[in-house]
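Q: I need the structure of the sequence given here:
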Amino acid sequence: MGKITFVLGGARSGKSAWAEARALEMERSGSSVVYLATCEYRADDAEMCDRISRHRSRRPSAWRTVEEPYGIEDVVARLDAGSVALVDCLSLWVSNLLLMTPEQGDSGIADSVLGRVRAFLDAAKRSSGDVIVVSNETGCGVVPSSHLGRLYRDILGWANQEAAQAADEVWFLVAGLPQRLK
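A: Down below sits the predicted model:
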């Protein structure tokens, strides 16, 4: 059974860079790294393309990258012993799931998305490898003006709580500084 490390922070808090440094330390200790990118590439979104490019340029060439916007639980379930999956990020994956879930009322959508989050966390707990999960903390900001924005913020907040409970370690990044919560 591997270890789950949950890394949480706001936008530009340094959470991804910190998680990548942690994965690099594990690689130096003999682990192979699988970078599990949850962002769905869209050529029409120049800002996101730039963001993806920056993330790619920071990753060592030895890391295997899997771009999977929907089925991350399946990838994590297949991890080998001695490997580490860096999932970047839970927040984009939750957004992808939210937008693909058929309309069934807020509670039905939340139940559907959180069911997938639980399946992912169960796969991570049973995995032979270690899993580092990165997510955004959106609950500290302004209340979103749209219904969909508020629903996303709420579902992600619940997903983050589930991830924190499942994790062996929880880190919160503020201004590039890691604070251990668990």
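
Q: Have a look at this structure and report the helix or strand with the lowest mean pLDDT.
A: Ranked by mean pLDDT, DSSP states H and E, the helix or strand of the chain with the weakest confidence is helix 46-58, at a mean of 73.

Q: State the next helix or strand along the chain beyond it.
A: For helix 46-58, the following helix or strand on the C-terminal side (DSSP states H and E) is strand 64-67.

Q: E137 versus V113, what's the distance?
A: Between V113 and E137 the distance is 18 Å, computed by CB to CB, to the nearest Å. Yep, even glycine has a C-beta here, placed from its N, CA and C like the rest.

Q: what does stretch 167-182 contact?
A: Around stretch 167-182, the neighbours that count as contacts under CB atoms under 8 Å, 6 or more residues apart in numbering are 3-10, 13-15, 17-18, 133, 137, 164.

Q: Among those, which ones are in strands?
A: Judged by DSSP state E, those include 4-9, 133 as members of strands.

Q: isn't Q104 right up against L98?
A: No: under the contact definition of CB atoms under 8 Å, Q104 does not touch L98, with a separation of 11.8 Å.

Q: what about the two, which has more around it?
A: Counting neighbours by other CB atoms under 10 Å for Q104 and for L98 shows that L98 has the greater number, 17 against 11.

Q: Specify the local secondary structure of the more buried one.
A: helix (DSSP: H, G, I helix; E, B strand; the rest coil).

Q: one step back: ok, V113 and E137, which is more surrounded?
A: Shown here are V113 and E137; by other CB under 10 Å, V113 has more neighbours (24 against 19).

Q: which residues of the chain score low on pLDDT?
A: Where the chain drops to pLDDT under 70, the residues are 41-43, 45, 48, 52, 55.

Q: Which neighbouring elements make contact with the longest helix seen in the chain?
A: Longest helix of the chain, by residue count under DSSP state H: helix 105-126. Secondary structure elements in contact with helix 105-126, counted by 3 or more CB pairs under 8 Å, 6 or more residues apart in numbering; DSSP states H and E, are strand 4-9, helix 72-77, helix 90-100, helix 147-166.

Q: packing partners for the first one?
A: Pointing back at strand 4-9 there. Helices and strands touching strand 4-9, as assessed by 3+ CB pairs under 8 Å, 6+ apart, comprise helix 15-28, helix 105-126, strand 130-136, helix 147-166, strand 169-174.

Q: So A123 versus D50, what's the distance?
A: Here the distance between A123 and D50 works out to 31 Å (CB to CB).

Q: out of these two, which sits in the busier spot?
A: Ranked by neighbour count (other CB under 10 Å), A123 and D50 place A123 first, with 18 against 10.

Q: Quick one: residues contacting that one.
A: Shown in contact with A123 (CB under 8 Å, 6+ apart): 73-74, 76-77.

Q: separation between it and I72?
A: For A123, the distance to I72 (CB to CB) stands at 8 Å.
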